[in-house]
Every structure is written in C-alpha cells, then in structure tokens.
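Visitor: The following comprises the amino acid sequence and a computationally predicted model.
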Amino acid sequence: MERSFHVVPSKKEINIKRELKDMKVIDVKNVRKYYGGVRGVDGLTFSVEKGEIYGLLGPNGAGKTTTIKILVKIIKDYDGKVNVLGRDLKEWDEGYYNKIGVSFEFPASYSKLTVLENLEFFASFYKRHLEPREVLKLVGLNESNMLVLKLSKGMRRKLDLARALLPDPDILFLDEPLEGLDPESARRIKDLLLEMRDNGKTIFLTTHNMYVADELCDRVAFIVEGKIRLVGNPKELKVRMGKRAIKIEYLDEGKVKIAEFPLENLGKNREFLDILRKEIMRIETVEPSLEEIFLKVTGRRLI
Ligand SMILES: Nc1ncnc2c1ncn2[C@@H]1O[C@H](COP(=O)(O)OP(=O)(O)OP(=O)(O)O)[C@@H](O)[C@H]1O
C-alpha cells in the first residue's frame, strides 16, 4: 500500500504517535567502537527526541560516520547500549529498515539502470512504500529516465535522498545531506526536511558544515575524538556561549567608525557613552558563529 506524508492516520497510528511523543527515539549510552587500535567512537552518549532535526557536527575523523553506521546497523560489533524506537538496536530484525531511511555520502545506486528503475528496484524490498515518482518530485529530481552513470554529483545526492524516503520512514539518517548540491537544490531539500520534521519525522544528520547545522538543526551536538562535548539549540548556544558584546557604527568628523563594547557595565562605560553623543548609524549585538563556539568548547576547528 502506498502512503504519503499527508494521509489521515489510522487510530492505531495515532496511538503509536502518542506513545512516541516525548519519547527518546534514539538513545545512545556509552558506546565504544575501535577499528583495531583506531578509535571510531569512545564514550558516545546522546539522545534524540521524536520530531527533531538533530545534527552531529564535527571535523574529519571525529566519529560521525561511525555513529551513523552503528545506528543503521552496518557496524554491529560495538560496546554500550543503543535503543532506537523503543527497542534495543541489537534486537531489531529486518523490520528496522521499514522504519528508517538512510542516505550516505557514497553512491548506493546501480549506474547502468535509470533513476526510476533504481527506485522501483529498491521499493520492491519494502512491504509498504511511497511511489517512486512521488519521492522524485519531493526531492526535485526530474531526470527519472536518465541512467545513473550520467547523473551529476548533486543529482546523485538527490537520488540517494529519494531512496531514503521510499519507506516513508520514522527516522531519516543523513550523512552530509546538502554536500554537492547547488544553492537552489540545497534550499529545496532544507525545506523538505523541515516540512518532514513538522510532520513528526525525526531526522538525524551529520555535517562538518556549520551553516547546515545552524539553519537546519533543532539541536546540534559537537563531536570530537569520538565523544559529544556539547549539545544545544544553535540559537541558544550563541546566546549562552557568545561574547555578550555590542558593535556600534558611528560618524566621527565625517568618517564611519566601528567600536565594540562588552555588555557588562555598558551604562557606565565612558567611551561608549561619549560615542552615543555622536551620530549613530547602527548598533547590533555581536553574535558568534557556531564555528567560534565549537573552537571555544573543543579547542578544535571544524575544518
Ligand atoms: N573502516 C575503518 N578502518 C579503520 N579506521 C577507520 C575506519 N573507519 C573509520 N576509521 C577511523 O575512525 C575515526 C573516525 O572516523 P569517522 O569516519 O567515523 O569520522 P567522521 O567524523 O565521519 O570523519 P569524516 O568527516 O572524515 O567522514 C577516524 O580516525 C577514521 O580514520
């Protein structure tokens, strides 16, 4: 049976939704994975709630891909506890793949088949799925009859996402979802993900791009050397971790000048009060970027 994101839910679905509300959809406790002697993740602990876009932000080698691979059961030999959709990950059988959608950095399609043939093939694995043409429309990929080998990087990225959407999953796992997309396509995919989130889907993504984290994520987790160092809403983090300063632009003897002052004791700051008597052009609070907060908290740059 085909379903869309907007169909009226059955009573059973409403009850399940009620149960899932406020529930930790993903709960990871003290997870550890080494590749021989190389640390993938170590002491990884976090949880994701239903209906949020949760972003794992970190530099190369931080453990983002390892985390996703564990969560989608590609890596099974880890230590620690992982619970997804109310069940221990190790207890989930093949039914898990009807509940989740996965889009990875590497191409996962058959290059000698067309876009539509690929999606029809993948759809055949699911008991219930969305219409291949419908998911292509959602991601804005119009080249349904083009061979995959002829697709640009951005088109492949959209195809990967379309494939992830096929089972109409409760959770989407996306590795660097906007990488390689032109600005218009990136905007479209961002809007799609936000709409899906508003419709109760949970989206877990990894990125090393602070703009993606900033614009898309309800919560962002900083990951460094296999551990989460800080979690928060991007806007709240900026307020909490910011410099708490203002920038003032003013005219001084016909020249534009800019000065910055800490918010503490601003009303008693003689230099600031003197400037206020001049012609003010603009006053704004100084907002740090996520990159700056990341550096402050972890001592590491994102790239
Ligand atoms: N198959 C593997 N064999 C050996 N070491 C690995 C393997 N996969 C990952 N690693 C190592 O584990 C660590 C974490 O890698 P991971 O790919 O999870 O990080 P990442 O944050 O996704 O980085 P990137 O942004 O570069 O993909 C790195 O030191 C990496 O070299």
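Guide: Yep, that arrived.
Visitor: what's the closest non-adjacent residue to residue 80?
Guide: Excluding the flanking residues, the one nearest residue 80 by C-beta to C-beta, 6 or more residues apart in numbering is residue 31, at 3.5 Å. Any C-beta I mention is one placed from the backbone N, CA and C, and that applies to glycine too.
Visitor: Which other helices and strands does the one helix or strand the one you found maps to contact?
Guide: Using DSSP states H and E, residue 31 sits in strand 24-35. Judged by 3 or more C-beta pairs under 8 Å, 6 or more residues apart in numbering; DSSP states H and E, strand 24-35 is in contact with strand 38-49, helix 64-71, strand 79-84, strand 202-207.
Visitor: my read: the residue nearest to residue 80 touches residue 75, true?
Guide: No - under the criterion of C-beta atoms under 8 Å, residue 31 is not in contact with residue 75, lying 10.0 Å apart.
Visitor: Can you list the low-confidence ranges for the protein?
Guide: Residues of the chain that meet the criterion pLDDT under 70 lie in 1-22, 105-107.
Visitor: can I see the domain layout of it?
Guide: 11-233, 243-286 (automatic domain parsing).
Visitor: gap between the first one and the chain center?
Guide: In terms of C-alpha atoms, centre = their mean, to the nearest Å, the centre of domain 11-233 is set 8 Å apart from its chain centre.
Visitor: Could you list the contact residues of the protein toward the ligand?
Guide: Contact residues (C-beta under 6 Å from any ligand atom) of the chain with the ligand: 35, 38, 40, 58, 60-66, 208.
Visitor: Can you select the buried ones among those for me in ChimeraX?
Guide: Of the residues of the chain next to the ligand, the buried ones go into a single ChimeraX selection, burial set by 16 or more other C-beta atoms under 10 Å:
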select :40,58,62,63,64,65,66,208
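Visitor: Look up how far residue 124 lies from the closest residue to the ligand within the stretch 201-303 of the chain.
Guide: The ligand sits closest to residue 208 of the stretch 201-303 of the chain, with a gap of 5.5 Å, by C-beta to the nearest ligand atom. Residue 208 sits 35 Å away from residue 124, taking C-beta to C-beta, to the nearest Å as the criterion.
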